[in-house]
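Novice: Requesting a structural model of the entry that follows:
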Amino acid sequence: MYADDGNDRMVNLNTYYEGAISATPWGVPWRVDHLNGQIQPTPNWSTQDGWIAGIQQGYAKPEPGIDGPLYRYAPNPNIMHCPADKHNTLKFTPSSGGPFCFDSYSGSRYLNGEGHGAGCLFKRNQVQHPSDRFIWIESSDSRGENVGSWWLNIAGTQANGFQGSTFADGNDAPAAFHVVSAVFNFCDGHAESHRWLNGATIAFANALAGTGTPPPANADSLWIAQHYAGTQNP
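Specialist: Got it, this is the predicted structure:
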């Protein structure tokens with residue numbers, strides 16, 4: 001619906017802008033994060049309840065006069081939290097929140113996401129295989145919230161199935177909120193649960209405190225790469 005109302009442009013899938021939020025040329029971020037200090041008025045970040053309220057504020061109305069771009073279409077900020085995500089049961093630290101985390105999802109980096117540069121697609125009609133390219137991923141971030149966009153270390157090419165592609169660090173780990181699987185939302189609007197096949201992927205995804213080590217390229221990282229939208233894989 002956002003794209004329908006915005007000349008087919010996809011929502012800004014980053015969570016910050018290095019400057020005034022109102023001045024971003026990419027559109028207001030789908031959610032403004034805490035770590036870049038751009039939410040006004042400043043929430044109470046010193047308590048767990050205040051942290052959650054601040055994350056919700058960053059989605060609904062990050063600054064006076066600026067509405068979250070998706071809030072009008074989905075006016076319940078709790079949609080950011082998967083009930084199966086156990087990050088909100090971890091110890092909360094006032095300085096950073098983490099490893100406690102309330103929001104469970106990240107947007108895909110190369111769909112009008114972090115950096116907004118080479119490799120990005122900006123309009124819905126640029127995604128040539130919308131039923132096969134995900135836009136939202138359940139993500140396991142240890143910084144108190146899922147910051148920026150979700151990214152993968154891409155290697156290889158579409159022709160060889162992106163051989164050698166690996167997961168990034170713990171800040172962009174995949175999730176396994178559903179024991180051994182994660183849910184992906186695709187560009188055509190459908191969602192599906194994907195079961196991880198490699199034990200190292202499952203261990204990495206379940207390291208909720210962000211201490212896991214990314215495994216070598218395996219069937220799981222290659223599956224992600226083959227469904228990871230961008231100019232390399234439209």
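
Novice: What strands line up against the helix or strand bottoming out on mean pLDDT in the chain, and which way round?
Specialist: When the helices and strands of the chain are scored by mean pLDDT, DSSP states H and E, strand 173-174 comes last with a mean of 92. Strand 173-174 has these partner strands in its sheet, going by DSSP bridges: strand 134-140 (antiparallel).

Novice: Give me the mean pLDDT for the strand it pairs with.
Specialist: The average pLDDT for strand 134-140 rounds to 95.

Novice: Show the subsequent helix or strand relative to it.
Specialist: For strand 134-140, the succeeding helix or strand toward the C-terminus, using DSSP states H and E, is strand 152-153.

Novice: Mind checking the pLDDT average for that following strand?
Specialist: 96.

Novice: Mind giving me the packing neighbours of it?
Specialist: Other helices and strands packing on strand 152-153, by 3 or more Cβ pairs under 8 Å, 6 or more residues apart in numbering; DSSP states H and E, are strand 166-167, helix 219-226. (Each C-beta comes from the backbone N, C-alpha and C, glycine too.)

Novice: Mean neighbour count, these: which tops it?
Specialist: Stretch with highest mean neighbour count among the helices and strands packed on strand 152-153: strand 166-167 (a mean of 22; mean count of other Cβ atoms under 10 Å).

Novice: and residue 203, that one's in a helix?
Specialist: Yes. Assessed by DSSP: H, G, I helix; E, B strand; the rest coil, residue 203 belongs to a helix.

Novice: picking that back up, any idea which of the helices and strands packed on strand 152-153 gets closest to residue 117?
Specialist: helix 219-226 (19.3 Å; Cβ to Cβ).

Novice: related to what we said a few turns ago, distance from the least confident helix or strand of the chain to the middle of the chain?
Specialist: 10 Å (Cα atoms, centre = their mean, to the nearest Å).

Novice: How about stretch 156-175?
Specialist: 15 Å.

Novice: In it, which residues are buried?
Specialist: Residues of stretch 156-175 classed as buried by neighbour count (16 or more other Cβ atoms under 10 Å): 162, 165, 166, 167, 170, 171, 172, 173, 174, 175.

Novice: Now do the biggest helix by length in the chain: which elements does it pack against?
Specialist: Using DSSP state H, we find that the single longest helix of the chain is helix 48-60. Applying 3+ Cβ pairs under 8 Å, 6+ apart, one finds that helix 48-60 makes contact with no other helix or strand.
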